[in-house]
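**Q** Just the structure for this:
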Amino acid sequence: MTGPIPPVDPARVHALVVGIERYEAGDAWGLPGPARDAVRFWRLLRESGVPESQLRLHLSPLPPYDPQVPYRSADQATLRRVLVRELSSAQGDMLWVWWGGHGVLDRAGRLRLFCADAGVDDKVGIDLDSALARYAGDAVPGLREQMWIVDACETFEEDLAFQEALPADALPVGRPGHAHRQTVLRAAGRGRAAANDPVRATGLFSDVLLALLGDRAAALPAPPDPEELFPAVRARIAALREEGRTLQHPEIRLQCPDRRETLPPAGPPAPARPLAAFQRAVEALLAYPLMHDPDERQTVVAALNPRVTAVLRRHSRARTDVVNILGGLVRRNPEALWDLFDAVAFVDDDPKLKEELAAAIGELASTSPRGGDRR
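**A** Okay, the predicted model is just below:
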């Protein structure tokens, strides 16, 4: 056990708080939530006594959201300068880093966090792994206690079929050190998307974590004991998975002079049936060639009740779109799963695909609130 962290003097605390909703890549990259989540976190630290001058808030909000607090740009040049020049030499004991926005695992397995000026042809960002390496070495003489929180997707670069290769975004790294303790919480898990609630404009992981930190506000700005906090995070995300709202599996890594590990899930595993049923339905839909064509997917969705489809979160990538469609139906109106079945079978009545889809939809509907078996 790591044990609780001793009290921290707020005057010795620094933070980098990033929330990116709007990107140069255009409306398709719009992500309502990260800027709002970042401001909520900023307020928690400010209310705990951390001087405003030591809270570096960098946002790219989507209109009409007005943060109503001073903030700086979230472009790559600005954020890189903060990480390499400003924070690296900061005098203090504790560092909080909060980052919400789009991310991807590159072909080397490193998490790239896109900046606000990421465009379709030049997806600039920050290499999180190189940032962690920099802040664990002699390039950063202070800030010995660090808490990094990242709410971003970790889908594979290969799955996104980018036309342009990701540019090199690594930060300069000094010699490895043994004085820093880093706790890193990542929302998604390798190869998975981090779910966002566009109606409430918040990331699911961020919302869970902000609520838990709010419950522990009296102890801030000292970080909570990760082995006390993270089981609570995992339990709440597991409940959201069972509801069909996400497939993500948060991860926590500890790195300090005498320890380097990824914490396993705490307690007995959650019942597997709801998630297995959801996955089966996803695969049954993706077995249809039409579900890989955006126009044909839209034809299917257009056949559903518009009161349901109006609030569905859509995505250009087939698997992500199917996950969002199914998750939205399960959450808002499980009976509409059979309307989805009818729409797909009407467009493509392949008997084998239809049989498996009916079985998968029946299983998923039976595990959902108000669901049932229509067969």
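
**Q** which residues of the stretch 1-150 of the chain fall in helices?
**A** 34-47, 76-81, 128-135 (DSSP state H, counting those that start in this stretch).

**Q** May I see those arranged in CSV, with mean neighbour count and distance to D321 as well?
**A** For the C-beta atoms, the positions are set from N, CA and C on the backbone; glycine is no exception. CSV is the format used below for those (neighbours: other Cβ atoms under 10 Å; distance: least, Cβ to Cβ, whole Å):
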stretch, mean neighbour count, distance to D321
helix 34-47, 22, 21
helix 76-81, 17, 28
helix 128-135, 21, 26
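
**Q** So which of these is nearest A359?
**A** helix 34-47 (38.3 Å; Cβ to Cβ).

**Q** for that closest one, packing partners?
**A** Applying 3 or more Cβ pairs under 8 Å, 6 or more residues apart in numbering; DSSP states H and E, we find helix 34-47 packed against strand 13-20, strand 55-60, strand 94-100, strand 145-151, strand 202-203, helix 204-215.

**Q** partner strands of the fifth one, parallel or antiparallel?
**A** Strands that pair with strand 202-203, judged by DSSP bridges, come out as strand 196-197 (antiparallel).

**Q** and if you look at the fourth one?
**A** For strand 145-151, the paired strands and their directions (DSSP bridges) read strand 94-100 (parallel), strand 181-186 (parallel).

**Q** hang on, A360 in a strand?
**A** No - if the criterion is DSSP: H, G, I helix; E, B strand; the rest coil, then A360 is helix and not within a strand.

**Q** In contact with it, which residues?
**A** A277, R280, A281, E283, A284 (Cβ atoms under 8 Å, 6 or more residues apart in numbering).

**Q** what's near enough to touch the nearest residue to S206 once chain neighbours are set aside?
**A** Computed as Cβ to Cβ, 6 or more residues apart in numbering, the closest residue to S206 that is not its neighbour in sequence is D37, at 3.9 Å. Contact analysis of D37 by Cβ under 8 Å, 6+ apart lists G19, W98, G100, D151, T202, G203, S206, D207, L210.

**Q** Check P176 too.
**A** A133, A136, G137.

**Q** and it, how far is that from L143?
**A** Distance, P176 to L143, by Cβ to Cβ, to the nearest Å: 16 Å.

**Q** before we move on, what about R46?
**A** 19 Å.
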